[in-house]
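S.K.: next input, structure requested:
(one chain, ligands or ions: 2)
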Amino acid sequence: MAMPKPIRLLAAATMALFLFLVIQIMRSPTTVKLPGSNDGKVEDMARDPNLDDTGEPPEPLWRVSGHNYDPDNPDSDRINATLLSLVRNKELSQLVQSMQDLERTWNHKFNYPWTFINDEPFTAEFKQVTQANTKAACNYLLIPKEHWEIPSWINQDLMHESANILEEQDVQYAHMQSYHQMCRWNSGLFYKHPDLLDTQYYWRVEPNVHFFCDVDYDVFRYMHDHNKTYGFTVNLYDSPQSIATLWPETIKFLAANNHLLAENNAMNWLTDKERRPEHNHKANGYSTCHFWSNFEIADMNFWRSPAYEAYFEHLDRAGGFFYERWGDAPVHSIALGLFEDKSKIHWFKDIGYQHIPFFNCPNSPKCKGCVKGRFTDGEAWLNKEDCRPNWFKFVGNEWSAADSMSEAAAIATGPAS
Ligand SMILES: Nc1nc2c(ncn2[C@@H]2O[C@H](COP(=O)(O)OP(=O)(O)OP(=O)(O)O)[C@@H](O)[C@H]2O)c(=O)[nH]1
Ligand SMILES: [Mg+2]
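M.R.: Numbering: from 1, shown residues only. Ligands and ions are numbered 1, 2, ... in the order given. Model (predicted):
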């Protein structure tokens, strides 16, 4: 028996509504929550963008074609760049782990040279094993003493006393002098090594990190062609106790150097106090948000600019690399947030990465070995340390459709000056 037409229409409309609701429910929730309640996963990030399908950033992209990236090609398409690793001889096996991941996912195609750097001479074994893990050239550099040693104006008694106080506040590595030296060197000295003075771009690689995704374009050329200064994967909050006077010193510096502020800066990312007010309070006005600098792909010319040189000099004289535990991550990040146009800072979302305990793991068939959208495999409270929501809020997510259209428009009209 045929149904009357109005009933058929009503049934069809009900079915359509039902399907629409099912599709809405099947779409990912607007707030990401790990299993288990109150796990600290950011509450206000509407959907983790690492769950979205992730491809490559926009063209132009340079790829392997014929012999253009062969290691011994004197006319290769490589630009002036190096993979850069500060490392100790005893970390050889952990470094080989990082090398093997990066060679497998990217560098066996592009063959950029490796530069290993150390405050002590590298052993023959270190040189032999590292070179055996790449077809690319390897350079082994020794840090000049004057770049590494604790500067003459640092008061040793005060330094030890300060380390006791930091330790009481649970600041990691408070008493480890070499850690403070490493942070200072990474902040303002690595690019001054005589053998790096002519190098422009670097990709920083630490021992015992992981890379998960095949990357099929020349990332250094990407930085150059898209007018980027700095690329990051992970964006975090810092331990405010380790940098209590970093922001006050920055404000002092700005009082005399306000003209150095970039027009399109990321000041509101640096000073946000809404998401974690207690961090801002303990860091005296700094959100503590920073790019996690164990991964950096960047243009050394920014560090060599008069603005950064003056800022680093100011911080270095203030002594906080030794009286507190200022890290190169917050120092680099504050400088970028203040003195660089924020559109020149790029999230390498497509580079799957892990330094214990945090990940950047995109949703892409090119990635193997990490869980897409998983930020940490440590304790659940570590999810709170993700500062990307603030980056997206104040700067934007260039991988979203709207933001990528504006980047394409900017490239079409030529690089900014
Ligand atoms: N040559 C040399 N390299 C160092 C020294 N201290 C640290 N490094 C390197 O500097 C980088 C950062 O040091 P890490 O000990 O990994 O510091 P971290 O990442 O804050 O700490 P972890 O969470 O323990 O990895 C790594 O590439 C180390 O190999 C040092 O005294 N000499
Ligand atoms: Mg490390």
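
S.K.: make it CA atoms for all contacts and neighbour counts henceforth
M.R.: Noted.

S.K.: can you tell me what sits against the helix or strand containing Tyr311?
M.R.: Using DSSP states H and E, Tyr311 maps to helix 306-318. Residues from elsewhere that reach helix 306-318 (Cα atoms under 8 Å, 6 or more residues apart in numbering): 153, 184, 187-188, 246, 249-250, 253, 260, 302-303, 335, 339.

S.K.: buried among those? Need that as a selection in PyMOL.
M.R.: Selection of the buried residues among those in PyMOL, burial being defined by 16 or more other Cα atoms under 10 Å:
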select buried, resi 184+187+188+246+249+250+253+260+302+303+335+339
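
S.K.: buried set for the helix holding Tyr311?
M.R.: 307-308, 311-312, 315-316, 318.

S.K.: hmm, back to that, in helices only, show me the contacts of helix 306-318.
M.R.: Using DSSP state H, 184, 187-188, 246, 249-250, 253, 302-303, 335, 339 are the members of those that sit in helices.

S.K.: now the residues you listed as CSV including distance to Asn280?
M.R.: Below are the ones in helices among the contacts of helix 306-318 laid out as CSV (distance: Cα to Cα, whole Å):
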residue, distance to Asn280
Arg184, 23
Ser187, 22
Gly188, 25
Leu246, 12
Glu249, 15
Thr250, 14
Phe253, 19
Phe302, 27
Trp303, 26
Ala335, 17
Phe339, 21
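
S.K.: tabulate these in TSV, adding columns for distance to ligand 1 and pLDDT.
M.R.: TSV is the format used below for these (distance: Cα to the nearest ligand atom, whole Å; pLDDT from 0 to 100):
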residue	distance to ligand 1	pLDDT
Arg184	11	98
Ser187	11	98
Gly188	14	98
Leu246	18	98
Glu249	22	98
Thr250	22	98
Phe253	26	98
Phe302	21	98
Trp303	18	98
Ala335	19	99
Phe339	25	98
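
S.K.: which one of those residues is nearest to Pro240?
M.R.: Leu246 (9.6 Å; Cα to Cα).

S.K.: near ligand 1, which residues of the stretch 1-150 of the chain? Just list them.
M.R.: 86-88, 118-119 (Cα under 6 Å from any ligand atom).

S.K.: compare those residues and tell me which is most surrounded.
M.R.: Greatest neighbour count in those, by other Cα atoms under 10 Å, goes to Leu86: 21 neighbours.

S.K.: you'd agree it is up against Tyr191?
M.R.: No: between Leu86 and Tyr191 there is no contact under Cα atoms under 8 Å: 11.9 Å.

S.K.: any residues touching stretch 185-202, and which ones?
M.R.: With Cα under 8 Å, 6+ apart, stretch 185-202 has contacts from 80-84, 141, 143-144, 147-148, 220, 296-301, 303-304, 309, 312, 327-329, 331-332.

S.K.: among those, which are in strands?
M.R.: The strands, defined by DSSP state E, take in 81-84, 141, 296-299 from these.

S.K.: span of stretch 332-349 from start to end?
M.R.: End-to-end distance of stretch 332-349: 20 Å, with Cα to Cα, to the nearest Å as the criterion.

S.K.: from the rest of the structure, what touches that stretch?
M.R.: Stretch 332-349 has contacts (Cα under 8 Å, 6+ apart) with 50, 54, 187, 227-233, 260-267, 269-270, 289-291, 307-308, 311, 360-362, 395, 398.

S.K.: looking at this protein, which helix or strand is least sure?
M.R.: helix 401-412 (a mean of 61; mean pLDDT, DSSP states H and E).

S.K.: which residues of the stretch 151-300 of the chain lie near ligand 1?
M.R.: 178-179, 182, 206-207.

S.K.: any of these buried? List them.
M.R.: For those, a burial check counting by 16+ other Cα under 10 Å picks out 179, 182, 206-207.

S.K.: for the protein, give me the ranges with low pLDDT.
M.R.: Applying pLDDT under 70 to the chain flags residues 1-3, 6, 9, 13, 16-44, 46, 402-417.

S.K.: contacts for the helix or strand harbouring His279?
M.R.: Using DSSP H and E, His279 sits in helix 277-282. Helix 277-282 has contacts (Cα under 8 Å, 6+ apart) with 239-241, 244, 271-273, 286-288.

S.K.: pull the contacting residues for the closest residue to ligand 1 within the stretch 201-350 of the chain.
M.R.: Distance from ligand 1 to each residue of the stretch 201-350 of the chain (Cα to the nearest ligand atom) is smallest for Glu206, at 4.0 Å. Counting by Cα under 8 Å, 6+ apart, Glu206 touches 85-87, 95, 98, 294-295.

S.K.: separation between it and Gly231?
M.R.: From Glu206 over to Gly231 (counting by Cα to Cα), the distance is 16 Å.

S.K.: and for Val171?
M.R.: In terms of Cα to Cα, Val171 sits 27 Å off from Gly231.

S.K.: give me the more crowded residue out of the two.
M.R.: Gly231 (22 against 19).
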